[in-house]
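Q: after the sequence you'll find the predicted model.
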Amino acid sequence: MTRVLLVEDDPWLAELEAGLLKKAGYEVTLSPHAPSAIIAIDEIKPDVIVLDVLLTGVTAFALLHELQSYGDTGTVPIILCTNMAESLRLEDLQAYGVRRIVDKTTMQLDDLPAAVRGVLL
């Protein structure tokens, strides 16, 4: 089963997104912030990371930089799920493992599962 690490600090949104991913057949681990995400990555070895940009404390960009500094995590595809999608360019973030950007403000029910399927192909 495909393991997805969902890094989202909004509890309501985290549960909603996790439910959509679980319904699509993915094994989901929730992490509310970057430090817990680092621990979860070591423990579950996710196939995909879905990452909110505006996290409490350490930002997603610091986490992206950290992940790229290790050989085993640098190849894990990352999907940014953010309200800031319009101000981000995928081309600028691909060096950090970002494969998709999902806009929370326009997201439909299947967008997140479709993005996970897309990065696994």
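A: Perfect, I can see it now.
Q: so how far is the worst-scoring helix or strand of the chain on mean pLDDT off the chain centroid?
A: Ranked by mean pLDDT, DSSP states H and E, the weakest helix or strand in the chain is helix 60-68, scoring a mean of 88. Centre-to-centre, helix 60-68 and its host chain are 12 Å apart (CA atoms, centre = their mean, to the nearest Å).
Q: again with stretch 89-97
A: Counting by CA atoms, centre = their mean, stretch 89-97 comes out at 14 Å from the chain centroid.
Q: what packs against the longest helix seen in the chain?
A: Taking DSSP state H as the assignment, the helix of the chain that covers the most residues is helix 11-23. Packed against helix 11-23, as judged by 3 or more CB pairs under 8 Å, 6 or more residues apart in numbering; DSSP states H and E, are the following elements: strand 3-7, strand 27-31, helix 111-120. All C-beta atoms are positioned from the backbone trio N, CA, C, and that covers glycine.
Q: hey, C-alpha coordinates of that helix in CSV?
A: Provided in CSV are the C-alpha atoms of helix 11-23 (Å, rounded to 0.1, in the frame of the first residue of the first chain):
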residue,chain,number,x,y,z
PRO,A,11,-6.6,19.8,12.4
TRP,A,12,-9.9,20.1,10.5
LEU,A,13,-8.2,20.3,7.1
ALA,A,14,-5.8,17.5,8.0
GLU,A,15,-8.7,15.2,8.9
LEU,A,16,-10.5,16.2,5.7
GLU,A,17,-7.5,15.6,3.5
ALA,A,18,-6.5,12.4,5.2
GLY,A,19,-10.1,11.1,4.7
LEU,A,20,-9.9,11.8,1.0
LEU,A,21,-6.6,10.1,0.7
LYS,A,22,-7.7,7.1,2.7
LYS,A,23,-10.9,6.7,0.7
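Q: what's the burial count for Gly57?
A: Residue neighbour count, defined by other CB atoms under 10 Å, stands at 10 for Gly57.
Q: typo on my end, it should be Tyr70
A: Neighbours of Tyr70 (other CB under 10 Å): 13.
Q: wait, is it part of a helix?
A: No. Checked against DSSP: H, G, I helix; E, B strand; the rest coil, Tyr70 lies outside a helix; its state is coil.
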